[in-house]
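Engineer: Give me the fold of what follows.
(one chain, ligands or ions: 1)
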Amino acid sequence: MKRTLNIFALLAALTLCTVSSSYAQKKPIIGVSSFVESGSVRAGTTYINSVRRAGGLPVVIPLTKSEEEIDAYLNQIDGIILIGGEDISPLYFGAEPSLYLGEVVPDRDEYVIILIKKAVAKGIPLLGICRGVQVLNVAMGGTLIQDIPSEIQNPIQHRQNGPRNYGSHTIKIEKGSLMAKLLGEKDVAVNSFHHQAVKDVAPGYKVTATAKDGIIEAIESQDGKSYGVQFHPEGFVSSGDKTFLPIFQHLVKLAAEYAAKK
Ligand code: MN
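Structural biologist: Sure thing, here's the model as predicted:
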């Protein structure tokens, strides 16, 4: 009887080990950046759902200025998504505010720039979306157009009037880039909800997609670990349209590789 119990205990322990390790392998933890509004920590459900659809396990990294807490999160997570939002303070890229600069949230800028610098230094894969790609570029030493209509000649409309899963303007994708691998080399219609954009690309990064008026719509790092898009792939993915799902699946794949090396 004692022997039988021991065998059961051993089997149970083995099963638990197998289940927990395969779960960890299948679900890399993707930290989603957040903001604070009306006394609540917020991160859009469309981003969270896109991580789920791509096979990742989403966790929200609450806005904080504590570097200790950010370090603690970075020790636990395997990948990061930087979500959309307000304008970035031009002081971070050595410019004075344009008359057409929109709302700036200093606490959010500070939190996310610390998060990006530490994550990149650690080699954690990172995807920036809209404000996310802009702040990634700024944190890595690049600059921004503060307001497209007042700074660019003959711009197209980058603040569309249409649903989140509607592609209102096309982008040209650089051959041989990560974006080409994920979306193909043909022009593709993307949604557009921005008036700021990447201007000078940060050292170590390159442009991988542009709109027809020259506005930068995607960048990636030369080491391939961080990349970003000016459009909102989560607007499509969360509605069930899989065209842009590979953008999230790639992050989850990089995150799984990172997790395996930890
Ligand atoms: Mn656009």
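Engineer: got the contact list for the residue of the stretch 151-262 of the chain found nearest the ion?
Structural biologist: Closest contact between the stretch 151-262 of the chain and the ion, by C-beta to the ion, is at residue 192 (3.3 Å). Heads up, the C-betas are built off the backbone N, CA and C, glycines and all. Listed by C-beta atoms under 8 Å, 6 or more residues apart in numbering, the contact partners of residue 192 are 157-160, 168-169, 211, 230-231.
Engineer: Ramachandran angles for it?
Structural biologist: Dihedral pair for residue 192: phi -150, psi 120, per degrees, to the nearest 10.
Engineer: Please, where are all the helices along the protein?
Structural biologist: Read by DSSP state H, the chain holds these helices, from start to end of the chain: 2-26, 45-53, 67-76, 106-122, 131-139, 148-151, 178-183, 233-237, 245-261.
Engineer: Please dump the ones you listed into a markdown table; it should also carry distance to residue 84 for every row.
Structural biologist: Formatted as a markdown table, the entries for these read as follows, by distance: least, C-beta to C-beta, whole Å:
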| stretch | distance to residue 84 |
| --- | --- |
| helix 2-26 | 28 |
| helix 45-53 | 8 |
| helix 67-76 | 20 |
| helix 106-122 | 12 |
| helix 131-139 | 5 |
| helix 148-151 | 16 |
| helix 178-183 | 18 |
| helix 233-237 | 9 |
| helix 245-261 | 14 |
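Engineer: Pick out the shakiest of the ones you listed, pLDDT-wise.
Structural biologist: When these are compared by mean pLDDT, helix 2-26 comes last with a mean of 51.
Engineer: how about the residues of the stretch 151-262 of the chain near the ion?
Structural biologist: Counting by C-beta under 5 Å from the ion, the positions of the stretch 151-262 of the chain adjacent to the ion are 158, 192.
Engineer: residues contacting residue 106?
Structural biologist: Residue 106 makes contacts with residue 89, as judged by C-beta under 8 Å, 6+ apart.
Engineer: next one: residue 163
Structural biologist: Contacts for residue 163 (C-beta under 8 Å, 6+ apart) come out as residue 235.
Engineer: okay, residue 262: pLDDT?
Structural biologist: According to the model's per-residue confidence, residue 262 sits at a pLDDT of 86.
Engineer: show me what contacts residue 152?
Structural biologist: Applying C-beta under 8 Å, 6+ apart to residue 152 gives the contacts 145, 213-215.
Engineer: try residue 92
Structural biologist: Shown in contact with residue 92 (C-beta under 8 Å, 6+ apart): 109, 113, 138-139.
Engineer: Try it again at 10 Å.
Structural biologist: Counting by C-beta atoms under 10 Å, 6 or more residues apart in numbering, residue 92 touches 104, 109-110, 113, 135, 138-139, 143-144.
Engineer: Likewise for residue 117?
Structural biologist: With contacts defined as C-beta under 10 Å, 6+ apart, residue 117 is in contact with 70, 139-140.
Engineer: Could you report the neighbour count for residue 26?
Structural biologist: For residue 26, the tally of surrounding residues (other C-beta atoms under 10 Å) stands at 12.
Engineer: distance of it from the ion?
Structural biologist: Note on residue 26: its distance to the ion, by C-beta to the ion, to the nearest Å, is 34 Å.
Engineer: so residue 81 makes contact with residue 56?
Structural biologist: Yes - under the criterion of C-beta atoms under 10 Å, residue 81 is in contact with residue 56, at a separation of 9.0 Å.
Engineer: if I look at those two, which residues touch both of them?
Structural biologist: Common neighbours of residue 81 and residue 56 are listed as 30-32, 48, 50, 248, 251 (criterion: C-beta under 10 Å, 6+ apart).
Engineer: now the contacts of residue 192: which count as buried?
Structural biologist: A residue is treated as buried here by neighbour count (16 or more other C-beta atoms under 10 Å); on that basis the buried members of the contacts of residue 192 are 158, 160, 168-169, 211, 230-231.
Engineer: Which of the residues you listed fall in strands?
Structural biologist: Among the buried ones among the contacts of residue 192, the members falling in strands (DSSP state E) are 169, 211.
Engineer: Kind regards, and thank you for your time.
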